[in-house]
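Colleague: heads up, no residue letters with this:
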């Protein structure tokens, strides 16, 4: 099955932001959208909502930080459609790991589908299980086509970097400290950092060396 044919969790934009409108990053202490998502989600074919701003697709977006040296996992998405399918993000750097929440994540009625989805995405992307993770907030960014239809569920995951695997969707990945990231990405005119990672850079700096 194509990714675009998958049934994913979506929430009507008007419902999601009815009482909690914000732009950029909002901490979970200030704006908690988890109950709104859990009470109002429905399923849509992914290909039918990728360009429909009437719906928001919740996306887990985790910062991976090594437990020992507090470096941040950074990667660049491949520009080869056989390795990565979303041409809108070809060749851009990112800090966030995660993905869409699938219908399958709701099948266990005794467990929270958001947490299940986050755990599944982390395992699929990195091969890691039983990760020490927590959700810290949300991203709402309507300044570009991707952000317009996606809600970021932002988390922190503390991991052992020796155990992470390299996904085929990356053409570069490395654990980097703050100085390396600033030199090679933030202050490098030739490097393109995706918008959500730009928004989260001030937050990420609080957790890394």
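Modeller: Good, I have the coordinates. Note that the structure is predicted; figures quoted are calculated from it, not measured.

Colleague: the helices in this structure, which residues?
Modeller: Counting by DSSP state H, the chain has helices at residues 13-16, 34-40, 46-49, 113-126, 145-148, 178-181, 195-204.

Colleague: wait, which of those is closest to residue 68?
Modeller: Among the helices of the chain, the nearest to residue 68 by C-beta to C-beta is helix 178-181 (15.8 Å). Quick note: C-beta positions are derived from backbone N, CA and C, even for glycine.

Colleague: contacting residues around residue 74?
Modeller: 93, 94, 95, 173, 174, 175, 176, 181, 185 (C-beta atoms under 8 Å, 6 or more residues apart in numbering).

Colleague: Could you tell me which residues within stretch 133-143 count as buried?
Modeller: 133, 135, 136, 137, 138, 139, 140, 141 (16 or more other C-beta atoms under 10 Å).

Colleague: can you check stretch 108-125 too?
Modeller: Buried, per 16+ other C-beta under 10 Å, within stretch 108-125: 113, 114, 116, 117, 118, 119, 120, 121, 122, 125.

Colleague: what residue is smack in the middle of this protein?
Modeller: The centroid of the chain falls nearest to residue 61 when counting by C-alpha atoms, centre = their mean (2.1 Å).

Colleague: what bridges to that one?
Modeller: residue 154 (DSSP bridges).

Colleague: isn't it right up against residue 194?
Modeller: No. If you go by C-beta atoms under 8 Å, residue 61 and residue 194 don't touch, sitting 10.2 Å apart.

Colleague: quick one on the thing from earlier: tell me which of the buried residues of stretch 133-143 is nearest to residue 51?
Modeller: residue 141 (15.9 Å).

Colleague: my read: that closest one touches residue 194, true?
Modeller: No. At 10.1 Å, residue 141 does not count as touching residue 194 under the criterion of C-beta under 8 Å.

Colleague: how close does residue 142 sit to residue 154?
Modeller: In this view, residue 142 and residue 154 are 17 Å apart by C-beta to C-beta, to the nearest Å.

Colleague: again, but for residue 173
Modeller: 20 Å.

Colleague: higher neighbour count, the two?
Modeller: Using other C-beta atoms under 10 Å as the criterion, residue 173 and residue 154 rank with residue 154 on top: 26 against 17.

Colleague: Tally up the residues packed near residue 151, please.
Modeller: The tally of other residues near residue 151 (other C-beta under 10 Å) stands at 23.

Colleague: Equivalent analysis for residue 144, please.
Modeller: Count around residue 144 with other C-beta under 10 Å applied: 11.
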